[in-house]
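Novice: make a model of this:
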Amino acid sequence: MSIDHRTSTRIDILRFPLIVGVVFIHSYSGTNNGSIVNGCSRGFWVDYVRVFISRGIADVTVPLFFLISGYLFFQGQWSWGNYVNKLKRRINTLLVPYLFWNCLNLGIFALAESIPQTRAYYAGTVWPLVSVFSALDYAKAILGVFVDAPFNGPLWFIRDLMVLAVLAPAIHFLLARKTALPFLALLFCLWFFGLSPSVGLRMQAPFFFCMGAYFSRPEMSVASLDKFSWWIGAIFLCLITLNTAYLARVSYLDYSMVVFGVPCVWSLTKLAVRTTVLKSMLMKLSGASFFVYAGHGILQTIVSKAADKMLMPAGGAAILALYFLIPICAITFLVLLHGCLRKVMPTVTGIITGDSYRRRTCPSR
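Specialist: Take a look at the predicted model:
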């Protein structure tokens with residue numbers, strides 16, 4: 001069964017808003033270290049706004065991306081031939097961009113570390129200086145093996161997605177039989193109760209990817225929860241408010257919020273499809289989604305470190321201003337840069353985002 005046009009449109013208009021959410025997740029961590037936070041008195045309201053957005057609303061973005069990825073991967077009739085073809089396509093749409101953006105991030109940091117004026121900005125991170133990298137450090141940084149995330153941190157999602165694509169035959173075997181619901185229940189428990197391994201595949205990845213695969217079955221419908229959207233949205237809002245009040249992650253509240261948040265955010269696309277102007281704008285921005293996702297980690301790191309070292313903001317208003325300004329400026333810059341690169345170097349831009357190959361293979365995803 002191929003994906004219907006309406007569902008495909010709902011997925012396309014959702015891509016860019018989800019990427020914005022991912023950027024704001026990292027905006028929270030970017031303004032939560034060093035003097036940018038510790039050097040001033042923020043006030044409860046500043047923390048509340050930041051947690052509500054980055055650890056509330058935005059927390060559903062990555063699980064929803066995994067769910068959509070699983071749904072798209074398992075569309076169509078299963079066969080070994082289709083599986084091999086899908087793996088070949090993901091070399092172009094996932095592996096090549098993954099390696100490029102990790103190497104680019106590594107190169108930028110190596111250059112910054114070689115300049116005395118900028119070297120201090122990159123000291124004391126989770127990675128050693130690039131100049132003293134061992135062969136194992138390079139493997140960890142570029143390939144993302146034996147570490148929680150590769151050098152370009154946000155790309156851990158792509159790494160986990162590639163692993164799940166390789167494991168698709170086993171997933172298909174378990175979901176195509178009576179083991180489907182017990183298997184999903186097991187993955188849910190491992191994720192919900194925080195039983196993920198300390199390093200490697202994060203449990204939210206297989207759970208939501210497999211949920212997406214389950215919903216790709218002919219008898220299932222991704223629109224089945226739309227009729228309950230108002231109730232789900234109300235519960236989601238209550239859970240966000242309650243979870244934010246703690247100003248810290250409380251696992252059972254955090255994960256419960258995601259459970260209701262994923263169908264809530266998906267249901268909102270039903271309204272966006274009906275709004276011509278909004279639909280048109282999000283469809284246009286959708287093409288820049290991967291570029292913003294892959295590039296924002298590099299840009300936000302540079303800007304956050306510069307703000308931390310140079311601006312030394314004092315007071316909650318300054319912290320909140322940076323929390324919004326840094327991601328908004330990063331997103332705007334990357335969208336504009338992507339548009340320019342598509343005009344000047346369309347082939348290269350298509351390769352580093354996987355977009356050129358993705359467009360040629362769009363019907364089968």
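Novice: centre of the chain to stretch 223-238, how far?
Specialist: Between the mean C-alpha location of stretch 223-238 and the chain-wide mean there is a distance of 22 Å, by C-alpha atoms, centre = their mean, to the nearest Å.
Novice: give the buried residues for that stretch.
Specialist: Going by neighbour count (16 or more other C-beta atoms under 10 Å), the buried part of stretch 223-238 is 225, 229, 232-233, 235-237. Heads up, the C-betas are built off the backbone N, CA and C, glycines and all.
Novice: among the residues you listed, which are located in helices?
Specialist: 229, 232-233, 235-237 (DSSP state H).
Novice: got JSON lines for these, with pLDDT and distance to residue 52 too?
Specialist: Formatted as JSON lines, those follow (pLDDT from 0 to 100; distance: C-beta to C-beta, whole Å):
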{"residue": "229", "pLDDT": "85", "distance to residue 52": "21"}
{"residue": "232", "pLDDT": "92", "distance to residue 52": "18"}
{"residue": "233", "pLDDT": "91", "distance to residue 52": "15"}
{"residue": "235", "pLDDT": "94", "distance to residue 52": "16"}
{"residue": "236", "pLDDT": "94", "distance to residue 52": "12"}
{"residue": "237", "pLDDT": "92", "distance to residue 52": "10"}
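Novice: quick check, nearest of the residues you listed to residue 275?
Specialist: Among these, residue 229 lies closest to residue 275 (C-beta to C-beta), at 15.7 Å.
Novice: ok, the closest one - contacts?
Specialist: 263-264, 267-268, 270 (C-beta atoms under 8 Å, 6 or more residues apart in numbering).
Novice: next one: it from residue 269, what distance?
Specialist: Using C-beta to C-beta, to the nearest Å, residue 229 is found at 10 Å from residue 269.
Novice: before we move on, what about residue 203?
Specialist: For residue 203, the distance to residue 269 - C-beta to C-beta - is 26 Å.
Novice: just the contacts of residue 229: which are in helices?
Specialist: Short answer: the contacts of residue 229 in helices (DSSP H) are 263-264, 267-268, 270.
Novice: which one of these has the most neighbours?
Specialist: Within the ones in helices among the contacts of residue 229, most neighbours by other C-beta atoms under 10 Å means residue 264, with 25 neighbours.
Novice: pLDDT at that one, what is it?
Specialist: Residue 264 is assigned 93 on the pLDDT scale.
Novice: and the one 4 residues further on, by the same measure?
Specialist: According to the model's per-residue confidence, residue 268 sits at a pLDDT of 90.
Novice: OK, contacts around it?
Specialist: Per C-beta under 8 Å, 6+ apart, neighbours of residue 268: residue 229.
Novice: who are the neighbours in contact with residue 348?
Specialist: residue 341.
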